[in-house]
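Participant: need a structure here:
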Amino acid sequence: MRKIYIILISIVPILISCQSDTIFRKYYQFDNYQWDKNKNIIFNVNINDIKSKYDVIIAVRHTSQYPYANLQINLTFYSPSGQERTKDHNLFLRNNDGSFKGSVMGNIYDMEFEVLKKINFTEQGTYKFEINSLMPKYTTPALMDIGLIIKKSK
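Facilitator: The predicted structure is shown next:
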């Protein structure tokens with residue numbers, strides 16, 4: 001199982017390089033497939049083109065052992081000058097019938113959630129994106145990765 005996961009992770013960058021509208025894509029891998037509530041995930045993204053509009057996407061990879069219907073997170077991003085924008089998001093991982101959404105390979109599920117659409121970055125430089133768990137328990141099990149994807153809006 002671990003070998004399949006490593007192969008998939010090594011193929012993803014090749015596939016991503018073909019997507020010219022994607023300006024950033026990075027994943028944070030959880031130790032032991034558990035997200036500790038006190039562990040904030042941080043991505044630093046360099047934005048040069050402030051004339052374009054962007055879509056911000058949260059990617060979630062989990063196993064079939066994920067026990068909840070949703071994943072509650074907070075996304076905060078900071079501009080290069082320190083301005084802060086924050087919003088809570090409730091990402092639904094299951095359909096109404098209880099089955100998981102997203103693409104599946106074996107017992108691994110991948111989903112992408114567009115959390116900000118057609119936004120403008122007003123400053124050039126490095127933006128800091130921070131994702132926090134808002135789940136009620138101290139650890140959230142069966143999570144493999146959380147990713148941040150930023151694409152130019154179409």
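
Participant: from now on I want contacts and neighbour counts done on CA atoms only, so please keep to that.
Facilitator: Will do.

Participant: what are the ranges of the strands in this protein?
Facilitator: Along the chain, the stretches classed as strands by DSSP state E are 22-29, 34-36, 41-47, 53-63, 70-78, 84-92, 103-105, 108-120, 125-133, 139-141, 143-152.

Participant: turn the ones you listed into JSON lines, including mean pLDDT and mean neighbour count.
Facilitator: Rendered in JSON lines, the data for the strands of the chain read as follows (pLDDT from 0 to 100; neighbours: other C-alpha atoms under 10 Å):
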{"stretch": "strand 22-29", "mean pLDDT": "98", "mean neighbour count": "16"}
{"stretch": "strand 34-36", "mean pLDDT": "97", "mean neighbour count": "19"}
{"stretch": "strand 41-47", "mean pLDDT": "98", "mean neighbour count": "17"}
{"stretch": "strand 53-63", "mean pLDDT": "98", "mean neighbour count": "20"}
{"stretch": "strand 70-78", "mean pLDDT": "98", "mean neighbour count": "16"}
{"stretch": "strand 84-92", "mean pLDDT": "97", "mean neighbour count": "14"}
{"stretch": "strand 103-105", "mean pLDDT": "93", "mean neighbour count": "13"}
{"stretch": "strand 108-120", "mean pLDDT": "97", "mean neighbour count": "16"}
{"stretch": "strand 125-133", "mean pLDDT": "98", "mean neighbour count": "19"}
{"stretch": "strand 139-141", "mean pLDDT": "97", "mean neighbour count": "18"}
{"stretch": "strand 143-152", "mean pLDDT": "98", "mean neighbour count": "20"}
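
Participant: for residue 121, which non-adjacent residue is closest in space?
Facilitator: Once its chain neighbours are removed from consideration, residue 121 has its nearest residue in residue 50; the separation is 5.4 Å (C-alpha to C-alpha, 6 or more residues apart in numbering).

Participant: for burial, what's the neighbour tally of that neighbour?
Facilitator: Taking other C-alpha atoms under 10 Å as the criterion, the count of residues near residue 50 is 13.
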